[in-house]
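Asker: Show me how the following folds:
(chains A and B)
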Amino acid sequence: MDQSMRSKSRLFLPLLLILLALVIGFTPAAAQAKTELVYGINNNVDTLDPNITSYSSVGIMLEHVVDPLIWQNPLGTYHPGLATDWSVNADATEYTFHLRKDVKFQDGTPFNAAAVKFTFDRIVNPDNKSQTAISLIGPYKETDVVDDYTAVVKFNTPFAPFLDSVSQPYLGIVSPTAVQTLGADFGQKTVVGTGPFKIDSYTPDSEVVLVRNDDYNWGSKDVFGITGPSALTKITFKIIQEPATRLAALESNEADFIDDVPPSDYNRLKDDGNYTMVEMTQPGHGWSLMMNVKKAPTDDLQVRKAIALASDKQGMIDTVFNGFGTPGCSPLTKVMFGYDKAACDYLPYDPTQAGKVLDADGWTMNTSTGIREKNGTPLTIEHYFRGDNPLSQAMATFMQADLLKVGIQVNLNGLSQAGYFDAVRSGKHNTQNWWDTQTDPDGVVRTLFYSANAGGGTNRNNYVNPAMDKLIDDAAATTDSAKRVDLYAQIQKLAADDAIMVYYNDPYLLFGGIPSLTGIQFLGGGTLPSFYGAAFGS
Amino acid sequence: MLRPYETIPNLPLFALFWLSLAMTRFLINRLLLAIPTVLLVSILVFLMLHLIPGDPAEIYIGDKPSTPALLAKIREDMGLNKPLTEQYLDYMINILHGDFGKSLNNNRPILDEILLRLPSTLELTLAALLIAITLGIGLGIIAAINHNTLIDTVATTIALIGISLPVYWSSLLLIVVFSIGLKWFPPIGQGGINRLILPAFALGFLSAGALARIVRSGMLEVLNQDYMITARAKGLAERLIIRRHALRNALIPVVTLIGLTFGDLLGGAVLTETIFARLGIGRMYIEGILNKDYTLVQGATLFIAITYVVINIFIDLIYVTIDPRIKYD
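Answerer: Just a heads-up that it's a prediction; the model follows:
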């Protein structure tokens, strides 16, 4: 009896041994076969369907699975894709695409003009609840199938941004046969396109695995340097949303490439020497301050000018953004087609000048409070932001201290999401922050300055100016690049003259990878790393 | 002293029958009592969508690109176009048919979403529970039998560290040491025990601390009882005294605590699943909240509430079985 009890009591020892064996037994996983890439991606998947998704992470994955009609690299420069050539009518309402005749979808369905029509029609069908693609396709009217390999895409109003739109994976062409036969599984389990990789498996919240499409031979040599099958046989996108874990995945050899590297660790990895680090200026609109022109005191042009002049952009970048980014100059970040360098001189950082502007406008300094006043009213700004967002919080605090130096008091209203949207949509704010990733200038300036978006929409400057509307519409109605550039320069000048916004920071997109991985193309102005032309060196 | 775990196997058949009858009655009783709880939860969960200020469809869209047609479609999918009572009845009828609705974010059935992640969450929670029990009871016993010695101090300190370490911090620490430094375990994902050990340990260590302290104080109390002196006077081996006489009596409150710990671990899994990028219900829930995926949050809350009620009934059953002083009534 005593003996048996003793042996039972020794149960802990084998348990301990098993644990030890586990610890010792699990040595690091064998090195990756050098044709298989693991990408630690920062965001999840809503649906794999590129025509429906609202996630840019899905854009990165699906850009390998579907092909666009035309490629764009760098922004504003276009190359043949599934279309060999294209033409646009004078007012940018009709786009004619001549298609490749040698392309097959991954399910064997031949690629043709009917597939183009099918794809674009399903994007605008409200039942499909498309999000990104439907905003990219704009005032789409219809697609005419002229013959098997000629498609004419028509718009209700002039739409010059379409060349940019159609170069993105969100407007990538999908197999009509697969959509019809798979039904609800299309997008949830797989997607069938014409791209260099096929979807092998998708585990929600975990990973999307792509395998090489061995039949692919219609790649763009101009963009990727190759036309045939990729050197990589497999791409695994591991969904790792926690930044520290994503970083750990790279550092523990679980991932070969990660995006959205935490800024606080970027320089450590760069100095380490074992990683290739990439920083790209984000396309679209950087971190900025919208000023409500309908609410006092930001209804006063001189007050808005003073706020712009008094904003220490580099200081904010150093303090709030860990030094990553460059001071913003214009609603368009510096990589955008149409960005005008001259915009940097319009409202430069000059707190002394800000003081003079306010003095001339009758806002005199009350030396006992440190706040300027006009007819007894203190110069107070109501700033609204998402209180649950640390970055918004940090920007708000910096701005408050910054503007106090020139005698402007900023009241911080950090609210929950619902409260925030209620407040800014109804125009209770003087100021709020904005930031947006886009690749065509039309989307940016339309979102911020177009009259139809004021009064509750995305134009929370509530700026309404027929001259601005006309410039925006004119720029959207011409595909003549030089003319567009000139019109966008005028828009940037007018936005500065009316001091509608303060542009704080054109932020960086930060990527990191192992040095043997080469040949990555950063499409979409840097937002879409593409691995079709990539390979592992020795 | 009557020990049910020793006596039950020897009970005559009719006694066993009476016991199972009592158990069935107890079970039915508890299930009936659970109905109002679940109904109340369902009403609260349902109203959640309507108590939020503003149009739920617009909040869902936020600053994302949208069109009026898209907003109308989302309102329709949320069922916002019908009167409130009708919406609730539809909702409940669907749930009784096992239809928890579809995720706004990806249109997948919510029950499928939950069932996909349930095995992974259970695996993590059970592994963490095993670690918590092994470590917690072990440390507690060691501390108690070496009361007021250096060993006691060390064991108590380890328990204190366990309680004090925030899960997200200990998780990151484990990743830095065992994934980046020693490269023993991968930091992410699921599948294979090597991907389970780090998250299970991060999660289990927290509860181990609490368990160790309860076991230690329970043991100390029992060790001072008269029957311990009697046992020693009988000349029993010290090991036997600790196992048979001290630990068994000290364990009764611990069993209750373990039941509660299971709930804590499910909650703690939210953080561990996020940090270790594991598939799991906690992570799904957090993402649902962040994405304003109201239908998913509604469905998942109700599912978790029902699960919790069922687990509680089981805990009561186990408790009755273990402690003879508690009866089925």
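Asker: Check which residues of stretch A:266-283 are buried.
Answerer: Of the residues in stretch A:266-283, A:266, A:269, A:275-276, A:278-283 count as buried by neighbour count, 16 or more other Cβ atoms under 10 Å in any protein chain shown. C-beta here means a position set from N, CA and C on the backbone, and glycine is covered the same way.
Asker: pretty sure A:Val209 is in a strand, no?
Answerer: Yes - assessed by DSSP: H, G, I helix; E, B strand; the rest coil, A:Val209 belongs to a strand.
Asker: Let me see the contact set for the nearest residue to it once chain neighbours are set aside.
Answerer: Nearest non-adjacent residue to A:Val209, counting by Cβ to Cβ, 6 or more residues apart in numbering or on different chains: A:Asp200, 4.3 Å away. Contact analysis of A:Asp200 by Cβ atoms under 8 Å, 6 or more residues apart in numbering or on different chains lists A:209-211, A:234.
Asker: so B:Phe262 touches B:Thr125, yeah?
Answerer: Yes - counting by Cβ atoms under 8 Å, B:Phe262 sits close enough to B:Thr125 to count as a contact (6.8 Å).
Asker: who has more neighbours, these two?
Answerer: Shown here are B:Phe262 and B:Thr125; by other Cβ atoms under 10 Å in any protein chain shown, B:Thr125 has more neighbours (26 against 19).
Asker: Can you name the helix or strand that that one falls in?
Answerer: Element membership of B:Thr125 [criterion: DSSP states H and E] is helix B:110-145.
Asker: Give the buried residues for the helix or strand following that helix.
Answerer: Next helix or strand after helix B:110-145 toward the C-terminus (DSSP H and E): helix B:150-164. Across helix B:150-164, burial judged by 16+ other Cβ under 10 Å covers B:152, B:155-156, B:158-159, B:162.
Asker: Now compare the residues you listed and name the two farthest from each other.
Answerer: Distance extremes for these: the farthest pair is B:Asp152 and B:Gly162 at 15.6 Å, using Cβ to Cβ.
Asker: and the residue of the stretch 201-329 of chain B nearest chain A?
Answerer: B:Ala277 (4.4 Å; Cβ to the nearest Cβ).
Asker: Grab the CA positions of the helix or strand that contains the residue nearest to A:Val209 and hand them over as PDB.
Answerer: Using DSSP H and E, A:Asp200 sits within strand A:197-203. The C-alpha trace of strand A:197-203 is given here as PDB (Å, rounded to 0.1, in the frame of the first residue of the first chain):
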ATOM      1  CA  PHE A 197      -0.900  32.800 -58.000                       C
ATOM      2  CA  LYS A 198      -3.900  30.700 -57.100                       C
ATOM      3  CA  ILE A 199      -5.600  30.600 -53.700                       C
ATOM      4  CA  ASP A 200      -4.700  27.300 -52.100                       C
ATOM      5  CA  SER A 201      -6.400  27.800 -48.700                       C
ATOM      6  CA  TYR A 202      -7.900  30.400 -46.400                       C
ATOM      7  CA  THR A 203      -8.200  30.000 -42.600                       C
END
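Asker: Partner strands of it and their direction?
Answerer: Strand A:197-203 has the following strand partners under DSSP bridges: strand A:207-212 (antiparallel).
Asker: now could you export just the CA positions of the partner strand as CSV?
Answerer: Presented in CSV, the C-alpha positions along strand A:207-212 are these (Å, rounded to 0.1, in the frame of the first residue of the first chain):
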residue,chain,number,x,y,z
GLU,A,207,-3.6,32.7,-43.0
VAL,A,208,-4.2,32.8,-46.7
VAL,A,209,-2.0,30.5,-48.7
LEU,A,210,-1.3,31.1,-52.4
VAL,A,211,0.4,28.6,-54.8
ARG,A,212,2.0,29.4,-58.1
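Asker: same question for it, mean pLDDT?
Answerer: The pLDDT scores in strand A:207-212 average 96.
Asker: Same check on stretch A:345-359?
Answerer: In this model, stretch A:345-359 has an average pLDDT of 96.
Asker: B:Arg232: what's it in contact with?
Answerer: Applying Cβ under 8 Å, 6+ apart to B:Arg232 gives the contacts B:Ile241.
Asker: hmm, back to that, okay, and which of the buried residues of stretch A:266-283 map to strands?
Answerer: A:276, A:278-281 (DSSP state E).
Asker: In those residues, find the pair that's most separated.
Answerer: Largest separation among these by Cβ to Cβ: A:Thr276 and A:Thr281, giving 18.0 Å.
Asker: Go through the buried residues of stretch A:266-283 and say which is closest to chain B.
Answerer: For the buried residues of stretch A:266-283, the residue nearest chain B by Cβ to the nearest Cβ is A:Leu269; the value is 11.7 Å.
Asker: Just give the nearest non-adjacent residue to the closest one, would you?
Answerer: Spatially, and ignoring its direct neighbours in sequence, A:Leu269 is nearest to A:Tyr275 (4.7 Å; Cβ to Cβ, 6+ apart).
Asker: Many thanks, have a good one.
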